[in-house]
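Asker: here is my input, please return the structure:
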Amino acid sequence: MAQRPIAITMGDPAGIGPEIVARLFAEGAGNGCIVIGDVTMMRRAVTLVGAPLTVIQIDGPAAHPGPGRIAVIAASDLPADFALGRIDARAGAAAFAAIVRAIDEVMAGRIAAIVTAPISKKAMNLAGIDYPGHTEILAERSGTRDFAMMLANDELRVLLVSIHLSLADAVRAVTPEAELRAIRLAHRAVRRFGIAAPRVAVAGLNPHAGEDGMFGTEDAAIIAPAIAQARQEGIDATGPYPGDTVFMRARQGEFDVVVAQYHDQGLIPIKYLGLDHGVNITVGLPFVRTSVDHGTAFDIAGKGIASAASLRAAVAQASAMVAAQEGACASISTSSSGRQTSL
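Answerer: Next comes the predicted model:
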């Protein structure tokens, strides 16, 4: 059977998504990938970056266009003069359509993984599409209940207990069940990176992880018992640790992953280390999904200066995860009795 391609969703067409996809292929880093999005916008992006590439439309991921070409499954049909750098409901609808098509393709087994370019949540909202972000769309359409966002680069891995919530709602989301679920998902995700016994650090919610109850009780009353339960299950989880030092300790090699309590607690240290190298990974899905670790950058859209570094890292990470997953499947041997032996 021919190798399945990785699908890159183009993201919000009014942002830098089409441009960074075109630049990825121009740099020769799009081998084995197809694009799901808008053919007209991709042709416009190729012209913008001055790449000697031809954009062709395909009906499904079975087509292999060869070198010098970008194969696009059309999920929308925007006009050639569509304005860049602005929030637009049409762009939100187009971005959503590409995501839905990608999920349907990967769930049907026709593509190996999904890599997503950035979307505008506001643009989707204007189009009547009410989701906080990519992660929730992917989870709902794939029927996934236990999922989490992991951000990773060469120095740090961070998994979030809650994702796109206000800070007040994020504090209320700190429950024993949510903590244990996040620890289990972090453990499982890092094992997929090839680490047999992951060291999971859990960040505290309050300053100094509560300072023995002086700055809040959640760390001792909610987070610590979940860590204890995880340890009973054989997971090497420790904490809660003060949030102002735990990421530094992980970066120095003391831990393999940090469970962060809310969005900004986990994303600030990752993004501080550099937007060009961070990758967003959705953990718990029945397929591989990675994404860039930056937004639509409407302020520079159409200027031809956007970097494809994060997209390149996301594609490389997806490729590595697919290879590891398929390698694990290939290592399952079948005995003469027809029963599968363990990995």
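
Asker: for the stretch 1-150 of the chain, which spans come out with low pLDDT?
Answerer: The stretch 1-150 of the chain contains residues with pLDDT under 70 at 1-2, 63-64.

Asker: ranges for the helices of it?
Answerer: With DSSP state H, counting those that start in this stretch as the definition, the stretch 1-150 of the chain shows helices at residue ranges 17-26, 39-49, 89-107, 121-126, 134-142.

Asker: out of these, which is closest to residue 194?
Answerer: Residue 194 lies closest to helix 89-107 among the helices of the stretch 1-150 of the chain, at 22.4 Å (CB to CB). No exception for glycine: its C-beta is placed from N, CA and C like everyone else's.

Asker: by contact count, what packs against the closest one?
Answerer: If you count contacts as 3 or more CB pairs under 8 Å, 6 or more residues apart in numbering; DSSP states H and E, helix 89-107 packs onto strand 6-9, strand 33-38, strand 69-76, strand 113-116, helix 121-126, helix 134-142.

Asker: so what touches the last one?
Answerer: Counting by CB atoms under 8 Å, 6 or more residues apart in numbering, helix 134-142 makes contact with 96, 99-100, 103-104, 107, 114, 116, 119, 131, 144-145, 147, 149, 163-164, 282, 284-287, 289, 291, all of which sit outside it.

Asker: got a ChimeraX select line for the buried ones in these?
Answerer: Only the buried entries of the contacts of helix 134-142 go into this ChimeraX selection, using 16 or more other CB atoms under 10 Å:
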select :96,99,100,103,114,116,119,131,144,147,149,163,164,282,284,285,287,289,291
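
Asker: now do the contacts for residue 204.
Answerer: By CB under 8 Å, 6+ apart, the residues touching residue 204 are 210, 219, 223, 239-243, 246, 261.

Asker: show me which of these is closest to residue 39.
Answerer: Closest approach between the contacts of residue 204 and residue 39, by CB to CB: residue 261, at 42.6 Å.

Asker: make TSV out of the helices of the stretch 1-150 of the chain and add distance to residue 255.
Answerer: Formatted as TSV, the helices of the stretch 1-150 of the chain follow (distance: least, CB to CB, whole Å):
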stretch	distance to residue 255
helix 17-26	31
helix 39-49	39
helix 89-107	31
helix 121-126	31
helix 134-142	23
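
Asker: the ones you listed: which one's closest to residue 306?
Answerer: Of those, nearest to residue 306 by CB to CB is helix 17-26, at 4.9 Å.

Asker: could you pull out the buried residues of stretch 171-183?
Answerer: Neighbour-count burial for stretch 171-183 flags 171, 174, 178-183 (criterion: 16+ other CB under 10 Å).
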